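K.L.:
okay, here's the prediction I keep looking at, along with the sequence it came from:
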Amino acid sequence: GAGAAQAADEVKLQLKWVTQAQFAGYYVALDKGFYEEENLDVTILPGGPDIAPTQVLAGGGADVTVDWMPPAPAAR
């Protein structure tokens, strides 16, 4: 018999900057269903000049961030 369906884990991904080519891989993975295959419901949050990814992460507004390596783990 088939097992009960489980809700996908919600994940908010905060980008370091506005949507542009450097983040294409995240959007391609979303479009192709790669996250869904791993039972993840991913929301990609664009960055910008007024958005500090580490502050969003530290404040609980995102689960992961694309940032320079040193600040992200400290914020998490």
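P.N.:
In hand now; what should we look at? Bear in mind that the values here come from a model prediction, so they are computed numbers and not experimental data.
K.L.:
residues in contact with the longest helix seen in the chain?
P.N.:
Determined from DSSP state H, the single longest helix within the chain is helix 24-31. Helix 24-31 has contacts (C-beta atoms under 8 Å, 6 or more residues apart in numbering) with 13, 15, 19, 35, 42, 44, 66. No exception for glycine: its C-beta is placed from N, CA and C like everyone else's.
K.L.:
buried residues in that helix?
P.N.:
26, 29-30 (16 or more other C-beta atoms under 10 Å).
K.L.:
ok now that helix, how far from the chain's centre?
P.N.:
With C-alpha atoms, centre = their mean, to the nearest Å as the basis, helix 24-31 stands 11 Å off its chain's centre.
K.L.:
mean confidence (pLDDT) on it, please.
P.N.:
Mean pLDDT, helix 24-31: 98.
K.L.:
which of the helices or strands spans residue 6?
P.N.:
Using DSSP states H and E, residue 6 is not contained in any helix or strand.
K.L.:
number of nearby residues for it?
P.N.:
7 (other C-beta atoms under 10 Å).
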